[in-house]
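Engineer: Okay, sequence plus prediction incoming.
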Amino acid sequence: MLMHKEEFIEAINQDWTDIYYHLHHKHHDGLSHQAVRLLQHLEKNRHVTIGDLANLLEVSHNTASEHAKRLIQKKLVEKKRDGKDERKVYVTLTAEGEAAVKQHTRLDPDKLKKVLEQLQEDEVKMVKTAFSILSREAKSCF
């Protein structure tokens with residue numbers, strides 16, 4: 001018999017936090033949680049404006065603009081004008097920003113490789129399948 005949904009959700013969350021705790025990169029750049037959220041949003045979306053960032057963080061346009069300025073100063077993002085409508089300005093990741101978002105949101109490939117090498121081939125396939133299913137459904141739900 002399957003666990004109740006609440007217990008199952010708690011078990012997944014506990015497993016995920018264990019995975020992330022043990023396999024994440026070490027961070028030394030002092031980026032805030034909000035900065036990382038902004039970088040991740042920029043990585044996953046094209047044509048992001050300051051207004052979009054304000055909506056994401058649920059802050060004013062001015063506050064989002066200040067967040068973007070700090071990331072520009074750190075050379076993690078840049079502003080670019082739309083080629084067709086120069087009134088539109090988009091915030092985009094720089095190469096340094098792409099590297100930073102990977103460091104903050106992905107698992108360390110060397111650590112993950114070490115774990116996967118300890119698994120049987122069928123277990124590796126199960127892990128890949130499970131993550132693919134969760135990713136696909138998360139994208140379709142939200």
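Structural biologist: In hand now; what should we look at?

Engineer: hey, where'd the helices end up in the chain?
Structural biologist: Under the criterion DSSP state H, helices of the chain are mapped to 5-23, 33-44, 50-57, 61-73, 95-105, 109-117, 121-141.

Engineer: Identify whichever of those helices lies nearest to residue 89.
Structural biologist: helix 50-57 (7.4 Å; C-beta to C-beta). In this view, the C-beta of every residue, glycine as well, is placed from N, C-alpha and C.

Engineer: And the helices of the chain: which comes nearest residue 84?
Structural biologist: Smallest distance to residue 84 across the helices of the chain (C-beta to C-beta): 18.2 Å, for helix 50-57.

Engineer: how far does that closest one sit from the chain's center?
Structural biologist: Put simply, helix 50-57 sits 16 Å off its chain's centre (C-alpha atoms, centre = their mean, to the nearest Å).

Engineer: Tell me the helices and strands packed up against it.
Structural biologist: Applying 3 or more C-beta pairs under 8 Å, 6 or more residues apart in numbering; DSSP states H and E, we find helix 50-57 packed against helix 33-44, helix 61-73, strand 89-93.
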